[in-house]
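Trainee: got a sequence here, can you model it:
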Amino acid sequence: MGRELASRAAAQRNGNGGNGQNGDGEQDGRVKTLAGQLERMIPEYQAAMPRGREATQLVRDATTCLRTIKNLDKCDPESFLGSLMTCAQLDLRPGVASLGHAWPLPYWDGFQKRYRAQLIVGYKGYIELGYRSGKLAGIASRIVYENELDDFEISFHEDGDKLVHKPSYQGLRGAPVCFYSVARIVGGGYSLTDPMSVEEMHQHRDKHAPRNAKGQIVGPWVDHFLPMGKKTMILRNFAMLPKSAEMLSALQVDNGVRVDLTPTADAGEVT
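Mentor: Numbering: from 1, shown residues only. Here you go, the predicted structure:
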C-alpha cells in the first residue's frame, strides 16, 4: 500500500517543488506554521516513542507529508499532530513509501465544515506490528489472478487445511479474482482466511469506505483498491490471531481522528 499511496500523494501535490516556494503564500504559511508546531512537539513525541527511536525522524517524515499531500496543511492542527502522536506510540513512520506503515490523510468533515487528519494504517504497518509482537512467525496477504486459477486451491479440513497458490510468472496475470491471507504462529499453528472474491471486496468497500457529502466514495479505496483489499484480508486474519497491545491499538486507531496530544494516553481510547 505504501508505494500506491505515495503515488496518490505525489499526484495531489499543491504545485510545489518540495520546498514550499510555489507562489502560494497562504499554503506556504500554513506549512511553516505546522512545521513550527511539529518542532515544538519533539519532546512529547520523544516521550511517546520506544527507547532508541528518534522523534526528529518522525518530524522530518511528517514535514514531508505536509508538503506532498494535498490539503493536509489545511487540517485542524490538533488532528494532524494527534495522528503523529499515535505513530510515535506505535513506532510507525508516517508517509514513507518504502515502508508503507501509516499515512495522515485529510478528509472533509461535513458536520464541522473543516478538514481533519485521520490516520490510515497501511497493511505493511500491520505486518510490521505482527512481526514485532513476537507472536507471528509469518503473515502475508495475497491476490489471486485469473491466469493463476489452474494452480490455486484453498480447501478446509478437520485434520489440516490445504493451500496451493503458484503465481504466474509469464505473460499477463489477468484480472484479480480473489484475496486471502495466511499467517504462521510462533510455537506452531497457522491461520488461513476464507478467500474473498473481488465482487465481495467491492461490497465491503461500498459498506465501509468513507463518503463525501454527495455520497461518493473517497479515500484510499478510490485509487488503491487492490492494496486496500490486501489490508482487509490482513485485518480479517488479525481477528483470529494472538495480538500484542500495539496490534490492538492499531486496530482501534485505524481511520480515526485523535486530538489528544498526551504521550501517555491510550491511543485507542483517545481516538
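Trainee: pLDDT weak spots in the protein?
Mentor: Counting by pLDDT under 70, the chain contains low-confidence ranges at 1-25, 27.
Trainee: where along it do the helices fall?
Mentor: Under the criterion DSSP state H, the chain carries helices at the ranges 2-11, 25-40, 42-48, 55-68, 77-90, 123-132, 198-208, 220-223, 225-238, 245-253.
Trainee: okay, those helices, which one's buried deepest?
Mentor: For these, ranked by mean neighbour count under the definition mean count of other Cβ atoms under 10 Å, the leader is helix 77-90 at a mean of 25. C-beta coordinates here come from the backbone N, C-alpha and C atoms, glycine included.
Trainee: what packs against that one?
Mentor: Where contact means 3 or more Cβ pairs under 8 Å, 6 or more residues apart in numbering; DSSP states H and E, helix 77-90 is packed against helix 25-40, helix 42-48, helix 55-68, strand 102-109, strand 114-121, helix 245-253.
Trainee: so what does the shortest one touch, helix or strand wise?
Mentor: Think helix 42-48. Partner elements for helix 42-48 (3+ Cβ pairs under 8 Å, 6+ apart): helix 55-68, helix 77-90.
Trainee: spatially nearest residue to Ser249 (excluding sequence neighbours)?
Mentor: Ala267 (4.8 Å; Cβ to Cβ, 6 or more residues apart in numbering).
Trainee: let me know whether the one you found touches Asp91 as I believe.
Mentor: No - between Ala267 and Asp91 there is no contact under Cβ atoms under 8 Å: 11.8 Å.
Trainee: between those two, which one's more packed in?
Mentor: For Ala267 versus Asp91, neighbours defined as other Cβ atoms under 10 Å are more numerous around Ala267 (25 against 17).
Trainee: residue contacts, the residue of the chain most remote from its centre?
Mentor: In the chain, the residue that sits farthest from the middle, by Cα atoms, centre = their mean, is Asp159; the gap is 35.3 Å. Counting by Cβ atoms under 8 Å, 6 or more residues apart in numbering, Asp159 touches no other residue.
Trainee: ok, Leu72 next?
Mentor: By Cβ under 8 Å, 6+ apart, the residues touching Leu72 are Cys65, Leu66, Phe80, Pro104, Leu105, Pro106, Ala117.
Trainee: how near is the second one to Asp109?
Mentor: From Leu66 across to Asp109, the span is 19 Å (Cβ to Cβ, to the nearest Å).
Trainee: that older thread, for Arg236, find the nearest of the helices and strands packed on helix 42-48.
Mentor: helix 77-90 (20.4 Å; Cβ to Cβ).
Trainee: just give me how far the closest one sits from the chain centre.
Mentor: Relative to its parent chain, helix 77-90 has a centroid offset of 14 Å by Cα atoms, centre = their mean, to the nearest Å.
Trainee: CA atoms only: put that helix into CSV for me.
Mentor: Presented in CSV, the C-alpha positions along helix 77-90 are these (Å, rounded to 0.1, in the frame of the first residue of the first chain):
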residue,chain,number,x,y,z
PRO,A,77,-3.5,21.2,13.7
GLU,A,78,-4.6,19.1,16.7
SER,A,79,-5.8,16.2,14.4
PHE,A,80,-2.6,16.3,12.4
LEU,A,81,-0.4,16.4,15.5
GLY,A,82,-2.6,13.7,17.1
SER,A,83,-2.2,11.3,14.2
LEU,A,84,1.6,11.7,14.6
MET,A,85,1.4,11.0,18.4
THR,A,86,-0.2,7.7,17.6
CYS,A,87,2.6,7.0,15.1
ALA,A,88,5.1,7.8,17.8
GLN,A,89,3.4,5.4,20.3
LEU,A,90,3.2,2.6,17.7
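Trainee: relative to strand 102-109, how tilted is that helix?
Mentor: Counting by axes from the mean of the first three to the mean of the last three Cα atoms, to 10 degrees, helix 77-90 lies at 150 degrees to strand 102-109.
Trainee: OK, contacts around His165?
Mentor: Arg142, Val144, Glu148, Asp151, Phe152, Glu153.
Trainee: you'd agree the fourth one is up against Leu163?
Mentor: The reference is to Asp151. No - in this structure Asp151 lies outside contact range of Leu163 using Cβ under 8 Å: 11.6 Å.
Trainee: alright, calling it a day.
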